[in-house]
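Colleague: missing the sequence, but the structure's below:
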């Protein structure tokens, strides 16, 4: 018991600063996460812009094909 008490006294009374250098290690996952969220955000925005344009283009293309097929069948 006395040994444990001595260890606790020396541990708590003789504490010195560690002055440890953490470095860039904890920052790298934060930067990676931020870059990922930016990249995903750009893809989502481009999807909201280009998907309706693609649908409108295919609708107009099909409408044009149907119109030309009707003209061909009327000529024959």
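Modeller: On my side now, so go ahead. Just so you know, these numbers come straight off a predicted model, no measurement behind them.
Colleague: going forward, measure contacts between C-alpha atoms and count neighbours the same way
Modeller: Noted.
Colleague: secondary structure element for residue 44?
Modeller: In this structure, residue 44 is located in helix 27-75 according to DSSP states H and E.
Colleague: same question but for residue 9, I mixed them up
Modeller: helix 2-13.
Colleague: pLDDT on that helix, on average?
Modeller: Mean pLDDT, helix 2-13: 84.
Colleague: cool, stretch 28-44 as well?
Modeller: pLDDT averaged over stretch 28-44 gives 94.
Colleague: Could you do stretch 61-76 as well?
Modeller: 68.
Colleague: What is the burial count for residue 3?
Modeller: 8 (other C-alpha atoms under 10 Å).
Colleague: neighbours around residue 26, how many?
Modeller: 9.
Colleague: For it, give its distance to residue 33.
Modeller: The spacing between residue 26 and residue 33, counted by C-alpha to C-alpha, to the nearest Å, is 12 Å.
Colleague: go on, residue 61?
Modeller: From residue 61 to residue 33 the distance is 41 Å (C-alpha to C-alpha).
Colleague: Then residue 2?
Modeller: To residue 33, residue 2 is 51 Å away according to C-alpha to C-alpha.
Colleague: who has more neighbours, the two?
Modeller: Higher neighbour count among residue 2 and residue 33: residue 33, with 11 against 7, using other C-alpha under 10 Å.
Colleague: show me what contacts the more buried one?
Modeller: Residue 33 makes no contacts at all, as judged by C-alpha atoms under 8 Å, 6 or more residues apart in numbering.
Colleague: can you do 10 Å?
Modeller: residue 39 (C-alpha atoms under 10 Å, 6 or more residues apart in numbering).
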